[in-house]
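my questions concern the predicted model and sequence given below.
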Amino acid sequence: MNDREILDKYYEFAEQGRREEGIEFLEESIKNAGDNVSAELLSHAGEDILMYTEELEKGIEYFHRAIEKEPENPDIYWSYFTDLDEITDEYPETIDDAILCLTKIIEISSKIETVNTADDENEKQYDYIDENFDKELSIARRYRDLAAIYLKIPDYKKAEECIDKTLEVLPDDEYANSIKDKIVEAIGGEPETKSELCEVKREMEQEFYFIGTKDGFAKAIQEDSPYERKICEECGGVWITLLENICVSFRGSRKGNYYEIPEHFMIDSKLKGVLEKEQITGYELKDINFVGSYGFRDDGIQEMVITGRAGHLQKLNREEFEACSTCGRITEDIDELDGVGFDINKWDGSDFFLVDNFTGIPVVTQKVKDIFEKNKIKNIKFTNIKEFV
Ligand SMILES: [Zn+2]
């Protein structure tokens with residue numbers, strides 16, 4: 001069995017609610033592979049043992065073996081760190097490893113000259129360094145994580161050194177400013193309360209993004225699904241309503257966490273977990289009919305029906321588009337756009353929403369973009385609506 005097959009089988013166990021057996025199987029496979037075992041399998045075992053069992057030492061040992069195999073692989077350090085980050089309060093003895101992971105990620109990131117693109121299939125691909133990777137930003141954020149860890153020890157001097165590096169790049173970052181305030185307060189100064197100011201500023205300068213999928217990932221394809229078709233008598237616009245759950249097949253093997261077909265959006269179980277944990281609003285979930293999937297495993301993919309709403313799409317200068325007075329469809333040629341806005345007074349405040357007469361592309365808030373980036377959500381592309389062309 002190769003790694004892919006082993007992991008597939010492991011996930012099969014997990015999906016059937018037999019995680020314990022799955023982990024046993026994974027450990028058995030690692031044992032059988034002997035010295036040839038891959039860093040990926042070791043890191044996977046470490047991750048899930050730390051996440052789902054109480055066997056702290058065992059999980060850590062797998063990660064140490066993975067690091068020994070591939071000491072320059074940022075994915076291993078990142079997945080180890082995200083696990084440790086949850087437990088450093090309870091197990092302070094893990095803090096040293098958390099610091100090691102972040103320091104190594106910063107060191108590796110500093111050396112990166114070019115990022116992976118979907119095209120160079122032959123090169124070793126790191127998830128950490130995908131096409132969204134921004135060297136300066138990424139390093140600034142890892143210094144922020146490091147500052148938060150030093151604050152826990154506490155080592156105020158090191159925490160301050162790190163957070164100052166973050167603030168050079170992200171001077172208005174709310175989280176970084178709140179760490180800085182805590183440090184200043186702890187060493188006996190007066191906090192600048194810049195973090196509160198930032199919050200107000202962020203409310204006022206809220207950014208919104210259209211979301212879409214990327215090239216190089218598996219594609220969702222709509223299969224025949226019963227529908228009802230209505231035609232607007234005034235403008236001839238066609239409106240389709242599905243009568244049953246949508247039928248979807250998938251082509252390609254490189255998995256994402258988000259997929260789309262016109263007017264329908266789908267998410268996998270990882271993304272579902274993130275949305276739930278972060279209490280993201282503006283959507284409901286609906287089952288899909290998973291058909292003819294060409295080697296693609298159903299990772300609990302469901303349709304995300306977007307319930308959040310805002311007013312009409314507007315031009316960047318707040319002018320309205322010409323639209324049908326009966327159905328609201330935009331009748332003006334919108335091929336040449338230079339950024340758009342929407343009637344924000346009618347926005348219901350949801351994190352995910354659709355703009356009234358432009359329902360083909362979901363809109364999300366800055367908060368969603370930040371959370372997706374932090375959780376390394378794959379196959380999702382953000383376009384600031386002000387830059388939409
Ligand atoms: Zn119409």
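Yep, that arrived.

any idea which helix or strand comes after the worst-scoring helix or strand of the chain on mean pLDDT?
One helix or strand of the chain scores below all others by mean pLDDT, DSSP states H and E: helix 194-204, with a mean of 47. With elements assigned by DSSP states H and E, the helix or strand that comes after helix 194-204 is strand 208-212.

what residues sit buried inside that next one?
By neighbour count on 16 or more other C-beta atoms under 10 Å, the buried set for strand 208-212 is 208-211. Any C-beta I mention is one placed from the backbone N, CA and C, and that applies to glycine too.

around the ion, pick out the residues from the stretch 251-389 of the chain.
Neighbours of the ion within the stretch 251-389 of the chain, by C-beta under 5 Å from the ion: 324, 326-327, 329.

A98 belongs to a helix?
Yes: counting by DSSP: H, G, I helix; E, B strand; the rest coil, A98 falls inside a helix.

give me the nearest residue to it, chain neighbours excluded.
Closest residue to A98 apart from its sequence neighbours, by C-beta to C-beta, 6 or more residues apart in numbering: L84 at 4.4 Å.

SS state for the one you found?
Following three-state DSSP, the label given to L84 is helix.

OK, contacts around it?
50, 94, 97-98, 101 (C-beta atoms under 8 Å, 6 or more residues apart in numbering).

which strand in the protein has the most residues?
Counting by DSSP state E, the longest strand found in the chain is strand 358-365.

within its sheet, name the partner strands of that strand and how each one runs.
In the sheet, strand 358-365 lines up against strand 208-212 (antiparallel), strand 352-355 (antiparallel) (DSSP bridges).

among those, which is nearest N345?
strand 352-355 (13.0 Å; C-beta to C-beta).

neighbouring contacts of that closest one?
Residues from elsewhere that reach strand 352-355 (C-beta under 8 Å, 6+ apart): 280-283, 304, 306, 308-313, 342, 347, 362-364, 368.

buried subset of those?
280-283, 304, 306, 308, 310-313, 342, 347, 362-364, 368.

just those: which are in strands?
Short answer: the buried ones among the contacts of strand 352-355 in strands (DSSP E) are 283, 304, 306, 310, 313, 342, 362-364.

please convert those residues to CSV, extending it with pLDDT.
Converted to CSV, those look like this (pLDDT from 0 to 100):
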residue, pLDDT
Y283, 97
M304, 97
I306, 96
A310, 90
L313, 90
F342, 88
P362, 96
V363, 96
V364, 97
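
give me the below-cutoff pLDDT ranges for this protein.
115-124, 190-205, 292-297 (pLDDT under 70).

may I have the helix or strand containing H44 as PDB, with CA atoms only?
Assigned by DSSP H and E, H44 belongs to helix 39-52. Written as PDB, here are the backbone C-alpha positions of helix 39-52 (Å, rounded to 0.1, in the frame of the first residue of the first chain):
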ATOM      1  CA  ALA A  39       7.400  12.100   6.800                       C
ATOM      2  CA  GLU A  40       3.800  12.600   5.600                       C
ATOM      3  CA  LEU A  41       2.500   9.500   7.300                       C
ATOM      4  CA  LEU A  42       4.400  10.200  10.500                       C
ATOM      5  CA  SER A  43       3.100  13.800  10.600                       C
ATOM      6  CA  HIS A  44      -0.400  12.600   9.900                       C
ATOM      7  CA  ALA A  45      -0.200  10.100  12.800                       C
ATOM      8  CA  GLY A  46       1.200  12.700  15.100                       C
ATOM      9  CA  GLU A  47      -1.500  15.200  14.200                       C
ATOM     10  CA  ASP A  48      -4.400  12.900  14.700                       C
ATOM     11  CA  ILE A  49      -3.100  11.300  17.900                       C
ATOM     12  CA  LEU A  50      -2.600  14.700  19.400                       C
ATOM     13  CA  MET A  51      -6.000  15.800  18.200                       C
ATOM     14  CA  TYR A  52      -8.100  12.700  19.000                       C
END
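
which parts of it are buried?
Buried residues in helix 39-52, defined by neighbour count with 16+ other C-beta under 10 Å: 39-50.

same deal with stretch 246-262?
Buried residues in stretch 246-262 (16+ other C-beta under 10 Å): 246-250, 255-261.
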